[in-house]
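Asks: Okay, here's the prediction I keep looking at, along with the sequence it came from:
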Protein chains: 2
Amino acid sequence: MPVGTLGTVKSLSPEEVADCGAQIILCNTYHLYLRPGCDVINLFSGLHNFMHWDKPILTDSGGFQVFSLAKISKTTEEGFAFQSHIDGSKHLLTPEKAVETQICLGSNIIMCLDKCIAYPADKNAAKEALELTSRWAKRCKKTWETHTEKENALFGIVQGGMFTDLRRISAHALAEMDFPGYAVGGLSVGEPKEIMLEVADFTLPLLPKTKPKYVMGVGTPEDLVELVSLGADMFDCVMPTRNARNGQLFTESGKINISNARYKNDTGPIDPDCTCYTCRNYSRAYLRHLLMGRELLAYRLNTIHNVHYYVNLVKNMRSAICRGEFDAFKKDFYDKRRSQD
Amino acid sequence: MPVGTLGTVKSLSPEEVADCGAQIILCNTYHLYLRPGCDVINLFSGLHNFMHWDKPILTDSGGFQVFSLAKISKTTEEGFAFQSHIDGSKHLLTPEKAVETQICLGSNIIMCLDKCIAYPADKNAAKEALELTSRWAKRCKKTWETHTEKENALFGIVQGGMFTDLRRISAHALAEMDFPGYAVGGLSVGEPKEIMLEVADFTLPLLPKTKPKYVMGVGTPEDLVELVSLGADMFDCVMPTRNARNGQLFTESGKINISNARYKNDTGPIDPDCTCYTCRNYSRAYLRHLLMGRELLAYRLNTIHNVHYYVNLVKNMRSAICRGEFDAFKKDFYDKRRSQD
């Protein structure tokens, strides 16, 4: 899922996001709740009309941004008390409010409010956070059940830090509540990559086999390949969009930085095998020229390429799985990268 | 002509520029000569391929940017000696080099190198500048004639400051050289609007009736209506693009600033009668939201609207002239504005 924090995948039109092959985007409830606010989005009967995007939207609960962005955050049984990072205004985010806000946004996949913890964390803190997350998940489900016309799905989020026994407790508690889908949260919070993959490897099999499994906030192309190997189905990450704006572009043979002087005279596309709008129409030399001049079109053309790359990576993995050829896909994926080294 | 200084109309794809109705864009020779440089653009056989734009391009000579941007500028009979505003490197811009550079860029309309003067200027300085401009125009034409395969046009530029007798001398000297088109330069350099219009009013009738007449670097919608009344055919200005990025949007009833709080809950388009992509798909509330969040899509959607507005203003004037109804058009244009006041 490309990330469209404020109701826009940075620099792209909704048509371009769809042309890249994206079937769903993620928007951030925390940001949209603060600005423009639900009252404004309500005037449009939800985010889809507001931002002119007619495909599914997944919204997060806002919990992670309260944890990472808000000025002051106090956690009680009731919810998060926080101050806006924009104007310092005070707000209370409860599980009920998180769900209601997402319903108001018209989100198609709604995330339960969870409590994320920093890495490293002591086991007691991790345990308390997961228990609170489980109690909040119940409240979220209750709120969702009273509201929903079954046009959206509510996902539970597994917490438990990097502790396998806590992850098991969390996964079992959520599985019992029978959510339409499940997410693994609390990863990509500063832990080493091996640990992230270990936790995912341990946690994913604990979740109901027939339900979608979403690993939040991850990651590099390699991360996605590894996590799909482990059974993950869905991802969101700012990497394709943010890195594009810094000139880092993804190709089958690895990353390139388009601002590098070696591309000054390069008349070829980013990736000769890529079929995205950028690769069909523009050269590396032109993209480098735009980026050096900080031209707005640079961010957009680079973003189109990276989103197209990510979406196609996942599309190709899905297709390889369907053909029963995922192992061959994975070998090929790494071979192409090694050939560049 | 929308302005595409560095080989991109800021924030727009070439397809969007064309969708706005633009038939031609202006690019800046000074900027492109310095970055990426003609050697790079040569690899693409010109700017059209480099930037993926297949309609006409007009390039300026670079003289105005040397005058307004370069760090040091020394004018001799030979040309301008200047230092790049980017890296301080030293360059010499002669009339021959200005034409050759524009031919290398693959420009469809090439401008003669001229010497612009500041406002106010004393008459001697204005006289010297126009005389040099006339001598340079001859050298430009000579260079162009040896090079051209008649696929591009060279325009002469009238100078002479705000002095009517000097403008007459300049216009006659250029008319004698029989250029494919003519420009009025040296306007919009800080003079009051009445003076700009007076000079244009005086100068335009001195130019050959059957040749296109281009007023450089102008202006507001009102300026365009007044200048068309006076016989002008072509314009370039950064106003539609630059103002768009600041949230100032043009409508038939006047300008609006989309960041104004009054648009927070406004579900309507910028202009209900406008048929541009932005007005067909987005509300004022969404555009305001994007701009407040400094989202890249804001600059683009606003630019689409403003370029569409400007191009259609000129298109409507042309059509009114063809129907013999320009006076009625002009009355209507001002009536709509007054109705908002």
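Replies: On my side now, so go ahead. Numbers count the residues shown, from 1 in each chain, chains lettered A, B, ... in the order given.
Asks: and the host helix or strand of residue A:289, what other elements does it pack with?
Replies: Per DSSP states H and E: residue A:289 is located in helix A:284-292. Counting contacts by 3 or more Cβ pairs under 8 Å, 6 or more residues apart in numbering or on different chains; DSSP states H and E, helix A:284-292 is packed against helix A:296-322, helix B:47-51. For glycine as for every other residue, the C-beta is placed from the backbone atoms N, C-alpha and C.
Asks: Of those helices, flag the one that's most buried.
Replies: Mean neighbour count, computed with mean count of other Cβ atoms under 10 Å in any protein chain shown, is highest for helix B:47-51 among the helices and strands packed on helix A:284-292, reaching a mean of 22.
Asks: Report all helices and strands that that one contacts.
Replies: By 3+ Cβ pairs under 8 Å, 6+ apart, helix B:47-51 packs against helix A:284-292, helix B:38-42, strand B:57-59.
Asks: if we can go back for a sec, which residues are contacting the helix holding residue A:289?
Replies: Under the contact criterion Cβ atoms under 8 Å, 6 or more residues apart in numbering or on different chains, helix A:284-292 has outside partners A:247, A:258-260, A:263-270, A:278, A:297-298, A:301-302, B:6-8, B:35-36, B:40, B:43-44, B:50-52.
Asks: ChimeraX command to pick out the buried ones of those?
Replies: What follows is the ChimeraX syntax selecting those of these that are buried according to 16 or more other Cβ atoms under 10 Å in any protein chain shown:
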select /A:247,258,263,264,265,266,269,270,278,297,298,301,302 /B:6,7,8,35,36,40,43,44,50,51,52
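Asks: Checking the closest residue to residue A:166 other than its chain neighbours next. Helix, strand or coil?
Replies: Computed as Cβ to Cβ, 6 or more residues apart in numbering or on different chains, the closest residue to residue A:166 that is not its neighbour in sequence is residue A:160, at 3.4 Å. Secondary structure of residue A:160, reduced to three states by DSSP: H, G, I helix; E, B strand; the rest coil: coil.
Asks: Could you pull up the contacting residues of residue A:53?
Replies: Residue A:53 is in contact with A:4, A:14, A:17, A:25, A:47, counting by Cβ under 8 Å, 6+ apart.
Asks: I'd assumed it was in a strand, is it?
Replies: No - applying three-state DSSP, one finds residue A:53 to be coil, outside a strand.
Asks: how about the residues of chain A near chain B?
Replies: Counting by Cβ under 8 Å from any Cβ of the partner chain, the residues of chain A close to chain B are A:6-8, A:10-13, A:35-36, A:39-40, A:43-44, A:50-52, A:264-265, A:267, A:281-283, A:285-286, A:288-290, A:292-293, A:295-297, A:299-300.
Asks: Give me the nearest residue to residue A:217, chain neighbours excluded.
Replies: On the basis of Cβ to Cβ, 6+ apart, the spatially nearest residue to residue A:217 that is not a chain neighbour turns out to be residue A:188, at 4.4 Å.
Asks: now the one you found: how far from residue B:101?
Replies: If you measure residue A:188 against residue B:101 using Cβ to Cβ, to the nearest Å, the figure is 50 Å.
Asks: Assign the nearest residue to residue A:91 once chain neighbours are set aside to helix, strand or coil.
Replies: Distances taken as Cβ to Cβ, 6+ apart put residue A:82 closest to residue A:91, at 5.8 Å, once the chain neighbours are dropped. Following three-state DSSP, the label given to residue A:82 is strand.
Asks: Run a quick neighbour tally on residue A:82.
Replies: One way to gauge burial is a neighbour count; for residue A:82, by other Cβ atoms under 10 Å in any protein chain shown, it gives 23.
Asks: Can you pull out the low-pLDDT segments for the stretch 101-250 of chain A?
Replies: A:148, A:150 (pLDDT under 70).
Asks: what's residue A:166 in contact with, if anything?
Replies: Applying Cβ under 8 Å, 6+ apart, one finds that residue A:166 lies in contact with A:123, A:126-127, A:130, A:159-160.
Asks: how much space between it and chain B?
Replies: In this structure, residue A:166 and chain B are separated by 37 Å, where distance is defined by Cβ to the nearest Cβ, to the nearest Å.
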